[in-house]
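Trainee: let me see the structure of the following:
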Amino acid sequence: MAELNLPILDLSQLDAGPEAAARFRDDLRAATHDVGFFYLTGTGVTPDLEGRLLQAAKDFFALPEADKLAIENVKSPHFRGYTRIGGERTQGAVDWREQIDIGPEREAVDGGPGYNRLIGPNLWPEAQPELREVVAEWHEHLSGVARKLLRAWALALGAPESYFEENFGDPSTLIKIVRYPGTHEPEPQQGVGAHKDSGVLTLLWVEPGKGGLQVERDGTWVDAPPVDGAFVVNIGELLEYATDGYLKATNHRVVSPKAPDERISIPFFFNPALDARLPLIELPPELAAQARGVTKDPSNPIHALYGENALKSRLRAHPDVAAIHHADLVGAPA
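Mentor: Residues are numbered from 1 along each chain as shown. The predicted structure is shown next:
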């Protein structure tokens with residue numbers, strides 16, 4: 001499997017006895033120390049659920065433009081809803097994709113820290129009520145997978161198994177349903193530019209047979225092609241922070257497909273409550289000796305408080321939403 005460029009881990013090994021579980025935790029720690037990315041099989045997500053979500057995604061993007069724009073994210077101060085092609089940016093450059101962003105269904109909050117503005121209701125397409133149902137099922141299953149992974153990580157890092165549950169609060173999740181349309185340009189185009197995720201954990205499902213994801217390894221971009229029945233998993237900046245750089249948040253990007261091909265991908269971000277601050281994990285001495293420290297990048301500071309990291313990311317990615325709803329925060333510290 002070396003051609004896949006990323007390790008493959010089987011989550012079901014956690015339930016296959018103490019020795020198998022210990023091997024899984026060792027492999028998990030190594031993968032996220034060395035690469036920050038891996039493939040995950042054995043999640044229990046059924047082909048039926050995958051198929052229903054993929055069909056719902058295709059049905060959404062096939063809606064008339066007016067139906068999609070009725071829930072455009074510029075109407076949401078919480079950065080929810082539909083983003084038209086070219087409506088999101090990474091490192092200041094336009095991403096060639098369209099998407100719908102779905103977070104925890106909450107009442108909006110007045111006042112408090114700036115990141116409270118991320119709390120609020122979703123925008124759902126009236127023409128496709130079934131989307132909400134399948135997304136809820138997806139969210140429930142993947143939340144269970146994420147919690148299981150985090151318990152394994154805690155033990156692998158020498159912390160109590162309950163470390164993340166005790167410090168997470170009510171998780172801030174985000175589901176993006178993304179379509180990358182094909183381009184006719186002769187050179188590879190930016191589907192989404194190079195970036196690191198701002199939270200703790202990402203579970204990415206990619207339409208079978210569709211490539212385009214690339215991961216930076218040792219200064220070189222390598223392909224991460226889809227593996228049937230597997231998620232691509234990566235850690236975000238907050239887990240790098242909590243381990244003083246022992247675990248590694250890694251740059252990744254997506255190259256647009258060639259027309260007439262297109263690509264559906266659905267990342268699920270599992271993060272702490274906006275007001276949660278992950279304390280540094282007290283690593284065992286042999287691991288602490290390998291901690292590299294948190295990445296120092298003045299243009300992309302990593303905040304210990306998740307809400308500050310999340311707000312930083314959203315303001316940058318959606319400058320139109322920021323200008324309409326949060327002009328007082330644009331250019332200000334998160």
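Trainee: now do the strands in the stretch 201-334 of the chain.
Mentor: 201-206, 213-217, 220-223, 231-235, 252-255, 262-271 (DSSP state E, counting those that start in this stretch).
Trainee: of all these, which lies closest to residue 156?
Mentor: strand 231-235 (12.3 Å; Cβ to Cβ). (Each C-beta comes from the backbone N, C-alpha and C, glycine too.)
Trainee: average pLDDT across the closest one?
Mentor: Over the span of strand 231-235, the pLDDT mean works out to 96.
Trainee: residue 49 touches residue 135, doesn't it?
Mentor: No. Using Cβ atoms under 8 Å, residue 49 is not in contact with residue 135; the gap is 11.0 Å.
Trainee: which one's more surrounded, those two?
Mentor: Relative neighbour count places residue 135 above the other of residue 49 and residue 135, with 20 against 14, counting by other Cβ atoms under 10 Å.
Trainee: list residues touching both of residue 49 and residue 135?
Mentor: By Cβ atoms under 8 Å, 6 or more residues apart in numbering, residue 49 and residue 135 have no common neighbours.
Trainee: show me where the chain has helices.
Mentor: Taking DSSP state H to define them, one finds helices in the chain at 18-34, 47-61, 65-69, 130-156, 163-168, 237-242, 285-288, 306-317, 319-325.
Trainee: deepest of these, which one?
Mentor: The highest mean neighbour count among these, using mean count of other Cβ atoms under 10 Å, belongs to helix 237-242: a mean of 25.
Trainee: alpha carbons only: can I get that helix in CSV?
Mentor: Extracted C-alpha coordinates of helix 237-242, given in CSV (Å, rounded to 0.1, in the frame of the first residue of the first chain):
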residue,chain,number,x,y,z
GLU,A,237,-3.9,23.0,15.0
LEU,A,238,-5.4,22.5,18.4
LEU,A,239,-4.1,19.0,18.8
GLU,A,240,-0.7,20.2,17.8
TYR,A,241,-1.0,22.8,20.5
ALA,A,242,-2.2,20.4,23.2
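Trainee: same for that helix, what does it pack against?
Mentor: helix 306-317 (3 or more Cβ pairs under 8 Å, 6 or more residues apart in numbering; DSSP states H and E).
Trainee: so where is the stretch 1-150 of the chain shaky, pLDDT-wise?
Mentor: Applying pLDDT under 70 to the stretch 1-150 of the chain picks out residues 1-4.
Trainee: residues contacting stretch 142-151, please?
Mentor: Contacts for stretch 142-151 (Cβ under 8 Å, 6+ apart): 11, 14, 28, 40, 43-45, 161-162, 164-165, 168, 171, 173, 200-201, 203, 231, 233, 268, 270.
Trainee: my bad, stretch 173-188
Mentor: 56-57, 60-61, 85, 96-104, 135, 138-139, 143, 189, 191, 212, 254-271.
Trainee: buried subset of the residues you listed, written for PyMOL?
Mentor: Selection of buried members from the contacts of stretch 173-188 for PyMOL, criterion 16 or more other Cβ atoms under 10 Å:
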select buried, resi 56+57+60+61+96+97+98+99+100+101+102+103+104+135+138+139+189+191+212+254+255+256+257+262+263+264+265+266+267+268+269+270+271
